[in-house]
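Asks: just a sequence and a predicted model for now, questions to come.
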Amino acid sequence: MTDWARVQDRLAKIDFLASPTLLGLDFDGTLSEIVDSPEKAVLSPGIRRLLRVLIRRPDIKVAVLSGRALEDIKKRVGLPGVYYAGNHGLQIDGPGLRWTHPHAGELDAASWRSLVEDLKAIPGAIVENKGLGMAVHYRKVPKRYIRRLEDRVRNRFAGLRGKFRVLRGKKTYDIRSSVPWDKGHAFDAIRNQLPDGWMGVFIGDDRTDEEGFRTLGPRALTIRVGRVNASRAQYIFSDRKHVERLLKFLAARSSPPREA
Ligand SMILES: [Mg+2]
């Protein structure tokens, strides 16, 4: 059985067919293709069209959960009626919900400037200030500089351990608040806004999404996108095209079970 067939099988079970569904989607690498600079990532017209169809359905709610800053992810997707979670879930904005984690420490501009200074001599490194965190993108950094880059990032934040932590994602170091909160918690917070009985689906492609899979456990159908050997998600999509198939499947689901 292919990964898609397995998930389709699960979705065809009566509990899923008969329940309204909160669909949680990561952005980079899940909804959009990974590109060489993060500022170039966009939704394909096909995915955008499908999301529009899903948003109009009373039995589906869409949440986009990203490591990007909230305003960035909102602008990039730009669809109304969607729940957006930025900074790995530390900030949420959606219908009837606007929230920032009360203990998510803001990184001050000085630490951002220091890191920019530290990495100035490393060609291709991009330091992104996300307010509640930072990201260092190194997709364009030549291999021989990677070690130096990692050392400098870790050294810079060694003194802030306890307040911030450094996590590695796809060609990215994420400097995140160390509060125990991830996309899974944000997903739960969004679902708590909805009436009882909403099923959950959460899809992500990165190591940083693994925390969300773990947090959600059996409370949602979880899917990791990518060629990975192991994941805490219940299913793996080795190919991103299955994400589009899943969106199509939900968009075409017959008879909305009940009004939300
Ligand atoms: Mg991703």
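Replies: Perfect, I can see it now. Numbering: from 1, shown residues only.
Asks: I'd like the next helix or strand past the helix-or-strand element of the chain with minimal mean pLDDT.
Replies: Across the helices and strands of the chain, mean confidence by mean pLDDT, DSSP states H and E is lowest for helix 14-17: a mean of 76. Reading on from helix 14-17 to the C-terminus, the next helix or strand found by DSSP states H and E is strand 21-25.
Asks: that following strand - contacts with which helices or strands?
Replies: strand 60-65, helix 183-191, strand 199-204, helix 241-251 (3 or more Cβ pairs under 8 Å, 6 or more residues apart in numbering; DSSP states H and E). The C-beta positions use only the backbone N, C-alpha and C, and glycine is treated the same way.
Asks: the ones you listed: which one's closest to the ion?
Replies: Closest to the ion of these, according to Cβ to the ion: strand 199-204, at 5.8 Å.
Asks: re the thing from before, contacts for the least confident helix or strand of the chain?
Replies: 10-11, 199, 221, 253, 257 (Cβ atoms under 8 Å, 6 or more residues apart in numbering).
Asks: wait, which of the helices and strands packed on strand 21-25 is closest to residue 4?
Replies: With Cβ to Cβ as the criterion, residue 4 lies closest to helix 241-251 of the helices and strands packed on strand 21-25, at 4.5 Å.
Asks: does the ion have contacts with the closest one?
Replies: No. Helix 241-251 lies out of reach of the ion by Cβ under 5 Å from the ion, never closer than 11.1 Å.
Asks: circling back to that earlier point, what's the closest of the helices and strands packed on strand 21-25 to residue 215?
Replies: Closest among the helices and strands packed on strand 21-25, once you apply Cβ to Cβ, is helix 183-191, at 2.8 Å.
Asks: next, the angle from the closest one to strand 199-204.
Replies: Here the directions of helix 183-191 and strand 199-204 differ by 150 degrees (axes from the mean of the first three to the mean of the last three Cα atoms, to 10 degrees).
Asks: can I get the CA coordinates of helix 183-191 in CSV?
Replies: Provided in CSV are the C-alpha atoms of helix 183-191 (Å, rounded to 0.1, in the frame of the first residue of the first chain):
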residue,chain,number,x,y,z
LYS,A,183,2.7,23.6,16.8
GLY,A,184,0.8,20.7,18.4
HIS,A,185,-0.2,23.0,21.4
ALA,A,186,-1.2,25.7,19.0
PHE,A,187,-3.3,23.2,17.0
ASP,A,188,-5.1,22.2,20.3
ALA,A,189,-5.7,25.8,21.2
ILE,A,190,-7.4,26.4,17.8
ARG,A,191,-9.4,23.2,18.1
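Asks: hmm, back to that, would you format the helices and strands packed on strand 21-25 as a markdown table with mean pLDDT and mean neighbour count included?
Replies: Output for these, formatted as a markdown table (pLDDT from 0 to 100; neighbours: other Cβ atoms under 10 Å):
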| stretch | mean pLDDT | mean neighbour count |
| --- | --- | --- |
| strand 60-65 | 97 | 25 |
| helix 183-191 | 98 | 23 |
| strand 199-204 | 97 | 25 |
| helix 241-251 | 94 | 17 |
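Asks: distance to residue 136 added to those, as TSV?
Replies: Converted to TSV, those look like this (distance: least, Cβ to Cβ, whole Å):
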stretch	distance to residue 136
strand 60-65	21
helix 183-191	20
strand 199-204	20
helix 241-251	27
